[in-house]
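sharing a model prediction with you, sequence too.
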Amino acid sequence: MATEYKAKLNYLRMAPRKVRSVGDLIKGLPVNEAEAQLLMQSRRPAKPLLKLLRSAIANAKNNGLSDAGYLYIASLRVDGGPMLKRILPRARGSASPIEKKMSHVTLVLGVNEAQKPRFTIVTPKKKKPIPGETGKRTAKKRTASPKTEEKDAPEMKQKEKRGGNFWKRSFNRKAIGE
């Protein structure tokens, strides 16, 4: 008989269908890879499932498992919990039902002695530097001196004449007479 470690999460206030879609991504994976998958997921059920996975790993360590590298996700079952039934008022005195669904999640970890422990390292992507820049990026405040404002003013007027503010001119009340 293979050793199994369980963890349960009851009354999760998310629809079972949405939790299943994230749970299917990690079924059968080693725990390190499953944890990395859940860390990189931006979907809402990923956070409670990650917490549940870490709880199951802690259960395994507490119950005598020396190395968590041999663990894998044997099964992940998401069942429907009770529904909170509400109503939304509609036209002419009628009402539409709203069902706020809950989930019961059961996670079972199995031990695979033949599997080599693998460690997945998750690192965030580094931003590529802009060519021509060296060192750290610093935000420089642009302050216009009176001399540059005088130089830029004629150029801006020429741009406006060439069609710089097309929408402003076309929707202006006096634009028709020009």
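It's in.

check Cys114 and give its pLDDT.
If you look again at residue 114, you'll see it is Ala, not Cys. Listed pLDDT for Ala114 reads 79.

what count of nearby residues applies to it?
Ala114 is surrounded by 5 other residues when neighbours are defined as other CB atoms under 10 Å. C-beta coordinates here come from the backbone N, C-alpha and C atoms, glycine included.

dump the residue contacts of Asn63.
Asn63 is in contact with Tyr5, counting by CB atoms under 8 Å, 6 or more residues apart in numbering.

check whether Met14 sits in a helix, strand or coil.
Following DSSP: H, G, I helix; E, B strand; the rest coil, the label given to Met14 is coil.

now name the helix or strand holding Val19.
Here Val19, judged by DSSP states H and E, is contained in helix 16-26.

check which helices and strands the helix or strand hosting Asn32 is in contact with.
Secondary structure from DSSP H and E places Asn32 in helix 31-40. Judged by 3 or more CB pairs under 8 Å, 6 or more residues apart in numbering; DSSP states H and E, helix 31-40 is in contact with helix 16-26, helix 46-62, strand 71-80.

as TSV, the ones you listed with mean neighbour count, mean pLDDT and distance to Ala91 would be great.
What follows is these, written out as TSV (neighbours: other CB atoms under 10 Å; pLDDT from 0 to 100; distance: least, CB to CB, whole Å):
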stretch	mean neighbour count	mean pLDDT	distance to Ala91
helix 16-26	18	96	29
helix 46-62	18	95	37
strand 71-80	18	96	31
